[in-house]
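Undergrad: What follows is a predicted structure for the sequence shown.
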Amino acid sequence: MFRLLRSLFGSPAPADKPNPPAVKLNITETSRGKLVEGIIPETLTVSPDSRRVVYVAGRGEKMFVVIDDVQGKEYDDIERPLATAFRDTLVFSPDSKRFAYAAKRGKKWVVVVDGVEGKEYDRAWSLVFSPDSKRVAYGAKREEKSFVVIDGAEGKEYGLAPRIVFSPDSQRCAYVAAVERRWFMVVDGVEGKEYDDIDGDTLVFSPDSKRFAYAAKRRGCQFVVVDDMEGKEYDWAGGLIFSPDSKRLAYAAGDEYKSHVVVDEYKRKAYDAITRGSLVFSPDSKHLAYAAGDRMWDKVVVDADEGMGYEHDGIYAKIPVFSPDSKRVAYRVRHGDKLLVVVDRVEGKEYDSISSDSLVFSPDSKRVAYAGEHGDKEVAVIDGKEGKEYRAVEPPVFSPDSKRVAYVARTGEHRFVVVDGVESKEYDKIAHQIPLVFDSPTKLHTLMFRGVQIFLVEIEIME
């Protein structure tokens, strides 16, 4: 056990290395069209591969979608992410090749997939592609009846919760349904046991797609159902997560006094609070980490080992982060009115803010990067060293061979790509964060804007 904890928490910080010679950036721009007049800026959506862009625009009383500079059909309305309580309304498939959205004509709604309209409904919501991008599902309503449409086929009529989930292998589909205020899970078209309530946001398939779990409620008590088997009752339960090997399930649960992490139905040490969303298994499935609080202290727990304590509310949800080799752990904490990153129990420099999604290990697990803020300036922190100050810095990305690190930075009204400290040419500021994608150890790309022109910017790193 001592060796395990030492490997997780006691690894020395990487030794300072001499700066590599400055690289040269060979940049190629390819036009992706122009933003049309009438664009609704908050609808701008980028594909997962950062090569395609779609948005909604208006002309008079009509709306239409523009994707890859091609204008779609006009409708009376198009469901927009920030204009509706319904989720998933402008959706790319995981492989970025397909696109779907919900549009209104008169009093009816249709789901448009790859430019082809489906049937008319009174309402449509929660569009979702399967992980393999071949299937699509959504919720629909006709008169007072709701149902799920999967691959164009309408399912049984129910009252429906908004979330629909495909299994990782894309073969299975699950959602929460209700009949006369009795809730149950529908998995592969088969209705499960009825409960007083089911938290649809907790529904999760195991990585191998063979298992599923969710939190249900009966007579005021909540419990987790795994493969149709009910677990112990608690006042609350949530944050369900399977291990990468699909063999273990962990979640947070408790009552008004104490909280526990439950692993394979075994309760671990009680705390005053468990940070929901903080549970994470290591990539090798052997270790579990989470944020927990006792009285005035918060701490990160890895297996049974508690890390350093910090002031209450100091450890943030969705942290910690394991390295790809499962041997290292990093997380954000608050220290007074400042924030800092802890890597292998070694504290980094304090900042006014640290971007929640910027903390990342390199693929070889040897390097760490994140974005920190000083006043009105931000810096990329790579291996503990600060880069140049900018007005804003987006999350850093390591190359596949871990030798290069790149990020998008902004100064004033311009933004550009920074690779190993070398800046690309300038582009115009936009409100949206568009990911950088490495295509190889020496090539990366993203989308950039100059005026109303959209460009695919491809960068080759030359030494």
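TA: Arrived safely. Numbers count the residues shown, from 1 in each chain.

Undergrad: what bits of the stretch 301-450 of the chain have low per-residue confidence?
TA: Counting by pLDDT under 70, the stretch 301-450 of the chain contains low-confidence ranges at 308-318.

Undergrad: before we move on, what about the stretch 1-150 of the chain?
TA: In the stretch 1-150 of the chain, residues with pLDDT under 70: 1-21, 81-88.

Undergrad: try 90 this time
TA: 1-22, 41-43, 79-90, 125-126, 143-145 (pLDDT under 90).

Undergrad: Now do the helices in it.
TA: 2-9 (DSSP state H, counting those that start in this stretch).

Undergrad: does R367 really touch S402, like I thought?
TA: Yes: the pair R367 and S402 qualifies as a contact (CB atoms under 8 Å) at a distance of 6.0 Å. No exception for glycine: its C-beta is placed from N, CA and C like everyone else's.

Undergrad: of those two, who's got more company?
TA: Neighbours were counted for R367 and for S402 using other CB atoms under 10 Å; R367 has more, 20 against 16.

Undergrad: Could you tell me the phi and psi values at the spatially most distant residue from the centre of the chain?
TA: Distance from the C-alpha centroid of the chain peaks at G60, with 35.6 Å (CA atoms, centre = their mean). Per-residue torsions, G60: phi 60, psi -130 (degrees, to the nearest 10).

Undergrad: swap in Q433?
TA: phi -90, psi 120.

Undergrad: can you pull the contacts of it?
TA: E394, P395, V408 (CB atoms under 8 Å, 6 or more residues apart in numbering).

Undergrad: Name the residues linked to A292 by a beta bridge.
TA: Beta bridges link A292 to I274, K299, judged by DSSP bridges.

Undergrad: List the residues that contact V437.
TA: V437 neighbours (CB under 8 Å, 6+ apart): D49, S50, V397, L444, H445, T446.

Undergrad: Drop anything exposed from those residues.
TA: S50, V397, L444, H445, T446 (16 or more other CB atoms under 10 Å).

Undergrad: Switch those residues over to CSV; also include secondary structure and distance to D201.
TA: Formatted as CSV, the buried ones among the contacts of V437 follow (DSSP: H, G, I helix; E, B strand; the rest coil; distance: CB to CB, whole Å):
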residue, secondary structure, distance to D201
S50, coil, 28
V397, strand, 29
L444, strand, 34
H445, strand, 34
T446, strand, 31
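
Undergrad: Which parts of the stretch 301-450 of the chain are helices?
TA: Under DSSP H, counting those that start in this stretch, the stretch 301-450 of the chain gives no helices.

Undergrad: How about F166, nearest residue that isn't a chain neighbour?
TA: S130 (4.3 Å; CB to CB, 6 or more residues apart in numbering).

Undergrad: What's the separation between that neighbour and V136?
TA: Taking CB to CB, to the nearest Å as the measure, S130 falls 7 Å from V136.

Undergrad: same question, E61
TA: 29 Å.

Undergrad: Comparing the two, which residue is more hemmed in?
TA: Using other CB under 10 Å as the criterion, E61 and V136 rank with V136 on top: 23 against 8.

Undergrad: need the contact list for the closest residue to E265 other than its chain neighbours.
TA: Counting by CB to CB, 6+ apart, E265 lies nearest to G231, which is 5.5 Å off, once chain neighbours are set aside. By CB under 8 Å, 6+ apart, the residues touching G231 are F223, V224, V225, A237, V262, E265.

Undergrad: same thing but 6 Å
TA: Counting by CB atoms under 6 Å, 6 or more residues apart in numbering, G231 touches F223, V224, E265.

Undergrad: The first one - how many residues pack around it?
TA: The tally of other residues near F223 (other CB under 10 Å) stands at 18.

Undergrad: Same question for the second one.
TA: Using other CB under 10 Å, V224 has 24 neighbouring residues.

Undergrad: beta partners for it?
TA: Counting by DSSP bridges, V224 is bridged to A215.

Undergrad: A237 is in contact with that one, correct?
TA: Yes: using CB atoms under 6 Å, V224 is in contact with A237, at 5.4 Å.

Undergrad: List of residues touching stretch 220-227?
TA: 211, 213-216, 230-231, 233-234, 236-237, 249, 251.

Undergrad: among the residues you listed, which ones are buried?
TA: Neighbour counting with 16+ other CB under 10 Å marks R211, A213, Y214, A215, A216, G231, Y234, W236, A237, L249, Y251 as buried within those.

Undergrad: Identify the farthest-apart pair in the residues you listed.
TA: R211 and W236 (22.3 Å; CB to CB).

Undergrad: one step back: could the contacts of V437 be laid out in CSV, adding distance to Y175?
TA: Formatted as CSV, the contacts of V437 follow (distance: CB to CB, whole Å):
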residue, distance to Y175
D49, 28
S50, 30
V397, 34
L444, 38
H445, 36
T446, 35
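
Undergrad: Just give me the closest of those residues to A270.
TA: V397 (39.2 Å).

Undergrad: and the nearest residue to that closest one once chain neighbours are set aside, how many residues sit next to it?
TA: In space, and not counting its chain neighbours, V397 is closest to L436: 4.8 Å by CB to CB, 6+ apart. Residues near L436, counting by other CB under 10 Å, number 21.

Undergrad: contacting residues for L436?
TA: V397, A406, L444, T446.

Undergrad: again, 10 Å this time
TA: Counting by CB atoms under 10 Å, 6 or more residues apart in numbering, L436 touches 50, 394-397, 406-408, 417-419, 444-447, 457, 459.

Undergrad: Also D272?
TA: Taking CB under 10 Å, 6+ apart as the test, what D272 contacts is G254, Y257, K258, S259, A292, G293, D294, R295, M296, W297, D298, H312.

Undergrad: pLDDT score assigned to it?
TA: Among the per-residue scores, D272 shows a pLDDT of 88.

Undergrad: any idea how far A330 is from it?
TA: 24 Å.

Undergrad: overlap in contacts of S130 and V136?
TA: S93, I150, D151, F166.

Undergrad: Just flag the most distant two among those residues.
TA: S93 and I150 (14.9 Å).

Undergrad: Looking at the two, which one has more neighbours?
TA: S93 (22 against 19).

Undergrad: pretty sure that one contacts F166?
TA: No: using CB atoms under 10 Å as the test, S93 is too far from F166 to be in contact (11.4 Å).
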